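In: need coordinates for the following:
(one chain, ligands or ions: 1)
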Amino acid sequence: MRKGEKNRRLGILGGGPSGLSMGLFLKDDYEIVERSDHVGGHASSFSAGGYTFDHGPHIMFSKNQPVLDFMIRSLGDNVMRCRRNNKISFKGKLIRYPFENDLSALDLEDNFRCTWDYFNNPYKEKYRKPRNLEQWLLAAFGKGICEAYLFPYNRKVWNLPVDRLSMLWADRIPRPPAEIILRSAIGCKTEGYLHQLYYHYPRRGGYQAISEAFAQKTRPVHFRYEIKSVRRLPGGQWEISDGKAPMRFDELVSTIPLPELVKVARFPIPDRVRQAVRGLLVNPMYIVSLGIRGDDAEKMTAVYFPEEEFLVNRISYPATFSADNAPPGHYSIQAEITCRARSAVWRMSDQEVLAHVIAGLEKRNLVRREAVVLTDVRRSPYSYVVYDEHYEKNVGIVRNWFPRQGIHLVGRFSYFEYINVDGVIERARDIAGRINGSPVQL
Ligand SMILES: Cc1cc2nc3c(=O)[nH]c(=O)nc-3n(C[C@H](O)[C@H](O)[C@H](O)COP(=O)(O)OP(=O)(O)OC[C@H]3O[C@@H](n4cnc5c(N)ncnc54)[C@H](O)[C@@H]3O)c2cc1C
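Out: Below is the predicted model of the structure:
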């Protein structure tokens with residue numbers, strides 16, 4: 001705590017991983033308010049017919065070992081370590097993920113094109129200073145791998161041409177070394193990104209178990225408190241209200257999606273800040289969950305689909321993450337479809353989405369229609385933060401303005417960045433450290 005700032009009271013808006021982490025790390029007095037009746041936000045889980053699904057498949061992995069250790073520790077003995085078994089659906093086959101590590105599984109002509117273009121790559125020189133993701137990918141992988149997999153897959157996930165994606169995304173993609181490409185092309189087994197080779201997952205309770213464990217150590221969360229207004233009082237304090245029980249705070253930590261905060265703001269926000277918020281892109285997502293009768297011999301973790309005609313970008317196997325996620329003798333699949341808000345895809349009915357998913361999986365021999373015993377279609381309006389060409393400018397304006405008003409932005413859809421739960425914990429640790437006036441030890 002800073003000198004002279006005793007008894008400061010903070011209001012934490014949202015009980016997802018960010019809000020809970022802030023509760024764990026803040027030294028000041030605080031309250032957490034949450035719209036739903038459970039913690040975990042996007043990283044929470046639901047049960048249906050004996051199955052447990054996350055709201056979009058979640059696993060634990062991180063390049064940041066102390067943060068990963070912190071998450072694992074929080075689960076006590078309710079945690080397992082598993083080996084990833086991801087595949088890519090490509091021209092009627094399933095090849096190993098990442099694409100560049102299994103070139104010998106491609107048809108000879110495709111293997112040759114990808115390998116030749118990697119070793120004879122004019123874009124290495126041409127795009128020594130790449131200005132967008134398309135240029136970066138061409139320089140790092142060569143045209144063959146880009147056109148076969150990276151471009152179609154990225155277009156599908158981000159719903160933008162790849163030359164409109166910012167270079168920021170490139171930080172997350174490891175450059176493949178020449179040795180790996182050669183080994184992969186001639187069929188010597190190679191592994192992909194090591195920090196993702198193993199992952200952790202709760203034994204019981206789905207991914208939400210992490211947030212539940214955090215919530216054991218925070219102050220009790222005020223559930224079913226949907227913030228309808230945020231106003232500034234004459235003395236400088238903040239008042240939030242769900243329309244029934246207003247609460248007052250000295251400062252706010254907002255983890256709710258930024259556009260939602262702007263909607264409930266009853267204080268002046270300059271036009272340029274509103275415009276910046278409007279300019280930030282986020283893709284919505286359909287999450288289609290299937291309960292399936294039978295044994296899953298393959299125990300895959302996920303399959304990626306670059307094919308344009310199949311809307312699904314990825315399926316995951318929750319019962320591979322933990323056998324506890326499906327009843328005995330059953331397994332499950334969860335399909336994700338990202339799209340643009342206001343697109344024709346986002347206007348499809350649940351029945352249309354379900355029919356498309358099942359037909360596409362059946363065509364690829366990944367599901368037998370008769371074995372599907374449970375179906376569930378959900379819409380998640382906020383899923384993937386998109387780093388387009390205007391992202392850095394817009395996010396800069398927003399991140400500069402709100403904290404100066406006494407509203408700290410924390411979290412995936414508030415600080416507005418494509419981060420997983422490990423990243424959320426890192427950000428919360430840093431921001432809480434600044435508010436506390438001393439670093440937070442995990
Ligand atoms: C499809 C998908 C797959 C993912 N896979 C992984 C993965 O494998 N591993 C991983 O680590 N991460 C994964 N993530 C990311 C992870 O879900 C997020 O990083 C994390 O949930 C962000 O936490 P948060 O607290 O910032 O936001 P949120 O989880 O969005 O929490 C915000 C909270 O605010 C509440 N709220 C919103 N509006 C209001 C309001 N008006 N009043 C009160 N409360 C409100 C919400 O109910 C919610 O609980 C994935 C995300 C998605 C969408």
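In: rest of the way, CA atoms for contacts and neighbours
Out: OK.
In: okay, domains of this protein per the record?
Out: The chain breaks down by automatic domain parsing into domains covering 9-43+207-280+388-436, 98-191, 282-386.
In: mind checking the end-to-end distance for the shortest one?
Out: The first and last residues of domain 98-191 sit 8 Å apart, counting by CA to CA, to the nearest Å.
In: what's the closest of the domains of the chain to Ser74?
Out: Ser74 lies closest to domain 9-43+207-280+388-436 among the domains of the chain, at 6.1 Å (CA to CA).
In: touching the ligand at all, the closest one?
Out: Yes. Using CA under 6 Å from any ligand atom, domain 9-43+207-280+388-436 comes into contact with the ligand via 13-19, 33-36, 39-43, 225-227, 255-256, 411-412, 419-422, 424.
In: before we move on, what about stretch 326-334?
Out: No. In terms of CA under 6 Å from any ligand atom, no part of stretch 326-334 sits within range of the ligand; the closest distance is 10.0 Å.
In: now do the buried residues in that stretch.
Out: Residues of stretch 326-334 classed as buried: Ala326, Pro327, His330, Tyr331, Ser332, Ile333, Gln334 (neighbour count, 16 or more other CA atoms under 10 Å).
In: wait, which of the residues you listed is closest to the ligand?
Out: Gln334 (10.0 Å; CA to the nearest ligand atom).
In: residues in contact with that closest one?
Out: By CA atoms under 8 Å, 6 or more residues apart in numbering, Gln334 lies in contact with Phe53, Gly56, Pro57, Ile287, Val288, Ser289, Leu290, Ile315, Ser316, Tyr317, Pro318.
In: out of the residues you listed, which are inside helices?
Out: Secondary structure from DSSP state H places Pro318 of the contacts of Gln334 in helices.
In: with the contacts of Gln334 in mind, which one is nearest to Pro220?
Out: Nearest to Pro220 among the contacts of Gln334 is Phe53, at 24.9 Å by CA to CA.
In: my guess is the closest one meets Thr320, correct?
Out: No. Using CA atoms under 8 Å, Phe53 is not in contact with Thr320; the gap is 11.8 Å.
In: near the ligand, which residues of the stretch 101-250 of the chain are found?
Out: Residues of the stretch 101-250 of the chain that fall close to the ligand, judged by CA under 6 Å from any ligand atom: Tyr225, Glu226, Ile227.
In: okay, those in JSON lines with neighbour count next?
Out: Formatted as JSON lines, those follow (neighbours: other CA atoms under 10 Å):
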{"residue": "Tyr225", "neighbour count": "20"}
{"residue": "Glu226", "neighbour count": "17"}
{"residue": "Ile227", "neighbour count": "21"}
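In: out of these, which is nearest to Glu362?
Out: Using CA to CA, Glu226 is the member of these that lies nearest Glu362, at 40.8 Å.
In: and what about the closest one, helix, strand or coil?
Out: Following DSSP: H, G, I helix; E, B strand; the rest coil, we place Glu226 in the coil state.
In: which residue ranges of the stretch 251-400 of the chain form strands?
Out: 251-254, 281-293, 302-304, 314-316, 330-338, 372-386 (DSSP state E, counting those that start in this stretch).
In: need these in a markdown table (columns: distance to Trp169 and mean pLDDT).
Out: Converted to a markdown table, the strands of the stretch 251-400 of the chain look like this (distance: least, CA to CA, whole Å; pLDDT from 0 to 100):
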| stretch | distance to Trp169 | mean pLDDT |
| --- | --- | --- |
| strand 251-254 | 25 | 98 |
| strand 281-293 | 14 | 98 |
| strand 302-304 | 18 | 98 |
| strand 314-316 | 19 | 98 |
| strand 330-338 | 17 | 98 |
| strand 372-386 | 9 | 97 |
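In: residues contacting Phe413?
Out: Counting by CA under 8 Å, 6+ apart, Phe413 has contacts Thr255, Ile256, Pro257, Leu258, Tyr382, Val385.
In: what subset of these is buried?
Out: Listed as buried from those are Thr255, Ile256, Pro257, Leu258, Tyr382, Val385; burial here means 16+ other CA under 10 Å.
In: take those residues and lay them out in TSV including distance to Arg364.
Out: Formatted as TSV, the buried ones among the contacts of Phe413 follow (distance: CA to CA, whole Å):
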residue	distance to Arg364
Thr255	39
Ile256	38
Pro257	36
Leu258	39
Tyr382	29
Val385	29
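In: how much space between Leu150 and the ligand?
Out: Here Leu150 is placed at a distance of 19 Å from the ligand (CA to the nearest ligand atom, to the nearest Å).
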